[in-house]
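Asks: I would like the atomic coordinates for the input below:
(chains A and B)
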Amino acid sequence: MDNQSFISSGILERYAVGMATAEEQHEIKDMMDKHPEIREELAEIHQALEEFAAAYRVRPPEDLKQKIMQVLSESPKPSSKNRAMPAPKAAVVERQRPERSASAPNMSSFLPALLGLVLLGACVAVYLFMSQANKAKNELASLQVQYDSLRTSLGAEKANFDKAIQAYEALRHTGNLPIVLVSTDPAIAASAMIHWNGQANSSFLDVKELPPPPTGKVYQLWASVGGKGQFLKTIDTAQAGKGLESIPFVENPQSFYATLEDKGHTAEPSLKNVVLFGRLSKN
Amino acid sequence: MNIGKDTLEAWSKGDQHAFSLIYDEYAPCLFGVALRISESEEKAAHIVLEAFRKIWRNASSFNPDQEQFFHWALSFIKSPAVESHRAGEQLSERFNFPAYQSTHPATGLPSLMGHLEAQMDEKHRKVIELAYFKGLSEQEIESEMNIPVGTVNTRLRFSVRELRKVLGEKSR
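Replies: Next comes the predicted model:
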């Protein structure tokens, strides 16, 4: 098709008003690139249409500009990137995908902001989730510590309870024989009791009061069996007044006594240093 | 209507003063077209307001080397008309936004229009209006004017040539 036939076909008029198909648009662009006279013809058509529109000029309301400028001041500045959209294509695109309404937002312009918001929301959600997870983890660790502490305490309390029950049963036992140990020095406030049970083969020490030993010294408890001292245990004065504690059982004791000794086990009691003494009563 | 490349370039970079100049140059024409489409000053004002908001927002899509500004800007006026036409409703029904409270009534500038009305057949002006202002397709114009599609194309071609002839005579 020669240039004149192309111009006379009416395709340029269709293009100018936005009615050209995509195929026609490509054809026109190709022709314009090759033939400057076609570009000039199209420019004249555009000019005529613009003047036709100008015939409808009406001065808009004075306050419209003010309203538009106010809207602008509340809108983001336009971007100057990606500016390459052929004029006819813009019209066709507009026709194929018309605005939903005059007041509807341009979704493509909101998309980056929307994606940014979604990403920001996801980050916040992850941050909140991680914060909650860390908080829960810390709370769990704290609860675990409390649980371990309570379990330890419970174990200790149970041991104390078992010990108390054992002592209570020993005191109530018909074979229980209480022996009072008194201070050998009236100037020293010291006393204790031994609960010896030949039927149950059990013995308990109940220190009522006993002053702390001098530095480097300890109190040791002994049983006199057949005229010989038999070591039972080292007395912990910190337990004085706290109830019964189990001690090794010995058969046929004649008496019980405590001596003040140097630290470390002593094979023989220092009888000159007896501080507490009690004899089994003869039945 | 003409605006300098520098002004367009400044507008594309977010210069409100440049945008103000563009408004002064093109708003009367765009408002007139909107008024022709909507037949309501309030609706036309809203169409133009929305159009200029899109013009501001979509500056990056305009290429001054490849297209004419008015042709590009007109697409923002045409789209509400196309939408309402395809929805089978009056344009005025499409706009549910609050009534535009204009305190300054518009004033018509009908000098050129009078010449066109006198020199051009109404059916020639109408086919241009439907295609160029309202953005209707050939099939839609066929239905609107009750003429075959082939006649739509022929009439459009003839009408544009008639327009160029009338404008040419007026300028001489």
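
Asks: For the lengthiest helix in chain A, name the packing helices and strands.
Replies: Within chain A, and with DSSP state H defining each element, the longest helix by residue count is helix A:107-172. Based on contacts counted as 3 or more CB pairs under 8 Å, 6 or more residues apart in numbering or on different chains; DSSP states H and E, the elements that helix A:107-172 packs against are strand A:191-197, strand A:202-209, strand A:245-247. No exception for glycine: its C-beta is placed from N, CA and C like everyone else's.

Asks: Pull out the buried residues from whatever helix or strand comes next after the longest one.
Replies: So that's strand A:202-209. Per DSSP states H and E, the first helix or strand lying C-terminal to strand A:202-209 is strand A:217-225. For strand A:217-225, burial by neighbour count (16 or more other CB atoms under 10 Å in any protein chain shown) applies to A:218-224.

Asks: Grab the CA positions of stretch A:139-154 and hand them over as CSV.
Replies: These are the backbone C-alpha positions of stretch A:139-154, laid out as CSV (Å, rounded to 0.1, in the frame of the first residue of the first chain):
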residue,chain,number,x,y,z
GLU,A,139,8.7,-18.0,80.9
LEU,A,140,9.1,-21.7,80.3
ALA,A,141,12.7,-21.6,81.5
SER,A,142,11.6,-19.6,84.6
LEU,A,143,8.8,-22.1,85.2
GLN,A,144,11.3,-25.0,84.8
VAL,A,145,13.6,-23.4,87.4
GLN,A,146,10.6,-22.9,89.8
TYR,A,147,9.5,-26.5,89.1
ASP,A,148,13.0,-27.8,89.9
SER,A,149,13.2,-25.7,93.0
LEU,A,150,9.7,-26.9,94.2
ARG,A,151,10.6,-30.5,93.4
THR,A,152,13.8,-30.2,95.4
SER,A,153,11.9,-28.5,98.2
LEU,A,154,9.2,-31.1,98.0
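
Asks: Please identify which helix or strand holds A:I179.
Replies: Counting by DSSP H and E, A:I179 is found in strand A:176-183.

Asks: any residues touching that strand, and which ones?
Replies: A:170, A:189-198, A:200, A:255-258, A:275-281 (CB atoms under 8 Å, 6 or more residues apart in numbering or on different chains).

Asks: Count residues in the vicinity of the closest residue to A:R14 other than its chain neighbours, would you?
Replies: Take A:R14 and drop its neighbours on the chain: the residue closest to it by CB to CB, 6 or more residues apart in numbering or on different chains is A:A20, 4.8 Å away. Using other CB atoms under 10 Å in any protein chain shown, A:A20 has 21 neighbouring residues.

Asks: Need the helices and strands packed on helix A:107-172 in TSV (columns: mean pLDDT, distance to A:E268 and mean neighbour count).
Replies: Formatted as TSV, the helices and strands packed on helix A:107-172 follow (pLDDT from 0 to 100; distance: least, CB to CB, whole Å; neighbours: other CB atoms under 10 Å in any protein chain shown):
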stretch	mean pLDDT	distance to A:E268	mean neighbour count
strand A:191-197	93	20	21
strand A:202-209	91	21	20
strand A:245-247	88	19	16
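
Asks: Out of the ones you listed, which is closest to chain B?
Replies: strand A:245-247 (89.4 Å; CB to the nearest CB).

Asks: Past the closest one, which element shows up next along the chain?
Replies: From strand A:245-247, the next helix or strand downstream (DSSP H and E) is strand A:255-262.

Asks: Output the contacting helices and strands for that next one.
Replies: Judged by 3+ CB pairs under 8 Å, 6+ apart, strand A:255-262 is in contact with strand A:176-183, strand A:191-197, strand A:217-225, strand A:228-235, strand A:274-279.

Asks: what about those strands, which gets the closest to A:L120?
Replies: A:L120 sits nearest to strand A:228-235 of all those, at 70.9 Å, using CB to CB.

Asks: What strands flank that closest one, and is each parallel or antiparallel?
Replies: With DSSP bridges as the test, strand A:228-235 is paired with strand A:217-225 (antiparallel).

Asks: Can you list the neighbours in contact with the partner strand?
Replies: Applying CB under 8 Å, 6+ apart, the external contacts of strand A:217-225 come out as A:205, A:210, A:213, A:229-235, A:237, A:247, A:250-263, A:266, A:269, A:275-276.

Asks: Of these, grab the buried ones for ChimeraX.
Replies: Listed next is the ChimeraX selection for buried residues among the contacts of strand A:217-225, using 16+ other CB under 10 Å:
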select /A:205,210,213,229,231,232,234,235,247,250,253,255,256,257,258,259,260,261,266,269,275,276
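
Asks: Return the helix or strand in chain A with minimum mean pLDDT.
Replies: The weakest-scoring helix or strand in chain A, judged by mean pLDDT, DSSP states H and E, is helix A:87-96 (a mean of 37).

Asks: and the nearest residue to A:A16 once chain neighbours are set aside, what does it touch?
Replies: Nearest non-adjacent residue to A:A16, counting by CB to CB, 6+ apart: A:I45, 4.5 Å away. Contact analysis of A:I45 by CB under 8 Å, 6+ apart lists A:12-13, A:16, B:160, B:164.

Asks: State the distance from A:I45 to B:F19.
Replies: Separation of A:I45 from B:F19 (CB to CB, to the nearest Å): 28 Å.

Asks: can you pull the pLDDT of whichever residue of the stretch 151-283 of chain A sits closest to chain B?
Replies: Closest contact between the stretch 151-283 of chain A and chain B, by CB to the nearest CB, is at A:R151 (67.2 Å). For A:R151, the pLDDT comes out at 77.
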